[in-house]
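Engineer: A predicted structure for the sequence below; I have some questions about it.
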Amino acid sequence: MNILGIESSGLVASAAIVNGEKLVAEYTMNNKKTHSQTLLPMIEEIVSAAGMDICDMDYIAVSRGPGSFTGLRIGSATAKGLGLAVNKPLVEVPTLEALAWNLNGCENMLICPIMDARRGEVYTGVYESVRNGEGYMLKQRMEETAEPLATLVEFLNGQGCPVIFNGDGVAVHADYIRQNMKVPFSFASRTAMLQRASSVAELGAIYAAEGRSVSAAEHAPVYLRVSQAEREREKNV
Amino acid sequence: MIENSEEKDIYILGIESSCDETAAAVVKNGREVLSNVIYSQIALHTLYGGVVPEIASRKHIEKINQVVQAALDEAGKTLDDIDAIGVTYGPGLVGALLVGVAEAKAIAYAAKKPLVGVHHIEGHIAANYIEHKELEPPYLCLVVSGGHSHLVVVRDYDKYEIVGRTHDDAAGEAFDKVARAIGLGYPGGPKVDRAAKQGRSDAVAFPRANIADCPYDFSFSGLKSAVLNYLNSCKMKQGLDGNEIYSRKTDNPDFDGNELVDPENSVTVADVAASFQQAVVDVLVSHTVAAAKDFGFKTVAIAGGVASNSALREGMKKACEKNGIELCYPSPVFCTDNAAMIGCAAYYEYISGTRHGLDLNAVPNLKLGER
């Protein structure tokens, strides 16, 4: 089973291919160029370098959000166009869970991805890596949400166990974390810090095996936030 | 048009998402529309009095595959039958454009088809080819929509020269702003058009702007201000203040424009709409005819959302007849944003060799004829 993973929810553009046995290819760029220009050429590059055709993919796994609204839509529209053209299903992988997957295997601590959501908030969720046969799986300890970092830190302090953080929110909020965390904490290494399509693809493979796929037409990003216009309208009504 | 049976037919899948319509179409040989699917979001944006870019982008991503699939199905074609994918890559709302561009690129790559990026305004102009099989460049085209007011010399299918442009508001923008001020709501163009049918176009004297040294250019902000000032002076005369009087009927679908703006002189909302519309039409028509005469064109086309305005069509028809000019305009469905026009424009770009790479980006301020 071949799975193409697509990730463009934040600063990173990333594409990866996994099959039943291994990570076949991964291409990750974090160099400011717009996802609109880089993402599809990256997919083309790894598919052809792997000696494959896009038709060989059984599923297209896409990082489904939260994240940058525009970034998410570039990944989604790319996945939807591919799915339409080769008539293959999509797997919607929660972006925060895929970030936590970068740290899968970190035992006896909470895994906490934080993405900068602006307006004083982070997109976050809390996960735990637990043994599953000879490997590991993720257990969700707090549902993904957009909330003030202070609320999250309070929650984590109340859990009474060490925490490891990753995500682009770390660079923005490291000082606050250092000053306010009362339980032991650490930050992920650079290779595990930001979004990677290999995590999206590997989680996508697990989801697909569980039958959790959608048609390309059905898929839309999950933003965890309404648009500003809707927010203001709700306020005024 | 007689088709050469020796030559292979060319089928283009067109995709358009530059504003608030998600659209896809299949077009044969640049002139024959096999399908033209439009998912309009207008009702949604009406709640906000105009297009909300983030909401438009979200709707595009929800509907794009259904719209593309419906266009293929209605045409009785599959991607295998398609020769190239044409897509609008500017100008427009960047977030909205990106959905169509990313979708089109992914389809082009996965289906192994050439990709042709299209300028949105080229698309509007090309809409004229659909119903006027005899129309061929060179000709003069007036492009008027919510975002554009251009007089364009179409030298060839892929060669455009802008000879007139607006110095401030686009014509359609002026319609939207005036519609809001007289309580007609969004979208302004069709609503002003309808109300104006019950009004007197000579009820209020509004200015017609001409710009010194630029005889083909437009300016609509002075006209818009004149309408707003007129409305305010009417309110003051009646001892009213605020926006209440003309805005309370915005949501009423039965609103017919009979409300009095100036009771003393029996001027109604419909009269204001008709007088404003006439001022816009007079300027558009006179500048277009002047340019056609000066450049020696015997054929004039109009395109864009405002090209479906009934007063503009009437005014342009009369003026062209009087001056011995052939006039073309598309049916209303091809005036509003649609993908059939993108398929037409893409066909001519395709046969002239235009190809775009998988790194094609959306260009929100893409200039006509500068590619």
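Structural biologist: Right, received. Where do you want to start?
Engineer: tell me the secondary structure for B:Ala179?
Structural biologist: helix (DSSP: H, G, I helix; E, B strand; the rest coil).
Engineer: secondary structure class for residue 200?
Structural biologist: Went with chain A since none was named. Classified using three-state DSSP, A:Val200 is helix.
Engineer: Leaving out the residues flanking it, which one is nearest to it?
Structural biologist: Once flanking residues are discounted, A:Val200 sits nearest to A:Gly5: 3.9 Å by C-beta to C-beta, 6 or more residues apart in numbering or on different chains. C-betas here are computed from N, CA, C, even on glycine.
Engineer: Now for the one you found, which secondary structure element holds it?
Structural biologist: Take DSSP states H and E as the rule and A:Gly5 turns out to sit in strand A:3-7.
Engineer: for A:Tyr27, same thing?
Structural biologist: For A:Tyr27, the host element (DSSP H and E) is strand A:23-29.
Engineer: buried stuff in that strand?
Structural biologist: The neighbour-count check on strand A:23-29 (16 or more other C-beta atoms under 10 Å in any protein chain shown) flags A:23-28 as buried.
Engineer: just for the stretch 251-371 of chain B, where's the confidence low?
Structural biologist: Confidence mapping of the stretch 251-371 of chain B against pLDDT under 70 gives the ranges B:251-256, B:370-371.
Engineer: Flag every residue of it that's near chain A.
Structural biologist: Within reach of chain A by C-beta under 8 Å from any C-beta of the partner chain, the stretch 251-371 of chain B has these residues: B:357-362.
Engineer: what about burial for the residues you listed, which qualify?
Structural biologist: When these are checked against 16+ other C-beta under 10 Å, the ones flagged as buried are B:358, B:360-362.
Engineer: farthest pair in those residues?
Structural biologist: Within these, two members stand farthest from each other by C-beta to C-beta: B:Leu358 and B:Ala362, at 13.8 Å.
Engineer: follow-up on the earlier one: ok, so of the buried residues of strand A:23-29, who is nearest chain B?
Structural biologist: A:Tyr27 (13.8 Å; C-beta to the nearest C-beta).
Engineer: where do the contact lists of B:Leu358 and B:Ala362 overlap?
Structural biologist: Both B:Leu358 and B:Ala362 lack any common contact, where contact means C-beta atoms under 8 Å, 6 or more residues apart in numbering or on different chains.
Engineer: ok, how many other residues are close to the closest residue to B:Ile121 other than its chain neighbours?
Structural biologist: Nearest residue to B:Ile121, sequence neighbours excluded (C-beta to C-beta, 6+ apart): B:Leu368, at 5.1 Å. For B:Leu368, the count of nearby residues is 19 (other C-beta atoms under 10 Å in any protein chain shown).
Engineer: repeat for B:Pro138
Structural biologist: Per other C-beta under 10 Å, the neighbour tally for B:Pro138 reads 14.
Engineer: Contact residues of the stretch 1-150 of chain B facing chain A?
Structural biologist: Proximity of the stretch 1-150 of chain B to chain A (C-beta under 8 Å from any C-beta) is limited to residues B:47-48, B:52, B:54-55, B:57-58, B:60-62, B:64-66, B:68-69, B:79, B:94-95, B:98-107, B:109-111.
Engineer: Enumerate every residue touching the closest residue to chain B within chain A.
Structural biologist: Minimum separation of chain A from chain B (C-beta to the nearest C-beta) falls at A:Gly81, amounting to 2.7 Å. A:Gly81 makes contact with A:216, B:102-107, B:110, according to C-beta under 8 Å, 6+ apart.
Engineer: Identify, from the residues you listed, the entry nearest to A:Glu210.
Structural biologist: Comparing those against A:Glu210 with C-beta to C-beta places A:Ala216 closest, at 19.0 Å.
Engineer: and the closest one, that's in a strand?
Structural biologist: No - going by three-state DSSP, the assignment for A:Ala216 is coil, not a strand.
Engineer: on contacts alone, who are the packing partners of the helix-or-strand element of chain A with minimal mean pLDDT?
Structural biologist: When the helices and strands of chain A are scored by mean pLDDT, DSSP states H and E, helix A:228-236 comes last with a mean of 88. If you count contacts as 3 or more C-beta pairs under 8 Å, 6 or more residues apart in numbering or on different chains; DSSP states H and E, helix A:228-236 packs onto helix B:53-75.
Engineer: Render the CA-only coordinates of the helix it packs on in CSV, please.
Structural biologist: Extracted in CSV, the C-alpha atoms of helix B:53-75 (Å, rounded to 0.1, in the frame of the first residue of the first chain):
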residue,chain,number,x,y,z
PRO,B,53,-12.3,36.8,1.0
GLU,B,54,-11.8,34.2,3.7
ILE,B,55,-15.4,32.9,3.4
ALA,B,56,-15.1,32.8,-0.4
SER,B,57,-11.8,30.8,-0.1
ARG,B,58,-13.5,28.3,2.3
LYS,B,59,-16.4,27.8,0.0
HIS,B,60,-14.2,27.3,-3.0
ILE,B,61,-12.3,24.4,-1.3
GLU,B,62,-15.6,22.8,-0.3
LYS,B,63,-17.1,22.8,-3.7
ILE,B,64,-14.3,22.7,-6.3
ASN,B,65,-14.2,19.0,-6.9
GLN,B,66,-18.0,18.7,-7.2
VAL,B,67,-18.0,21.6,-9.7
VAL,B,68,-15.1,20.2,-11.8
GLN,B,69,-16.7,16.7,-11.8
ALA,B,70,-20.0,18.1,-12.8
ALA,B,71,-18.4,20.0,-15.7
LEU,B,72,-16.8,16.8,-17.0
ASP,B,73,-20.0,14.8,-16.5
GLU,B,74,-22.3,17.3,-18.2
ALA,B,75,-19.9,17.5,-21.2
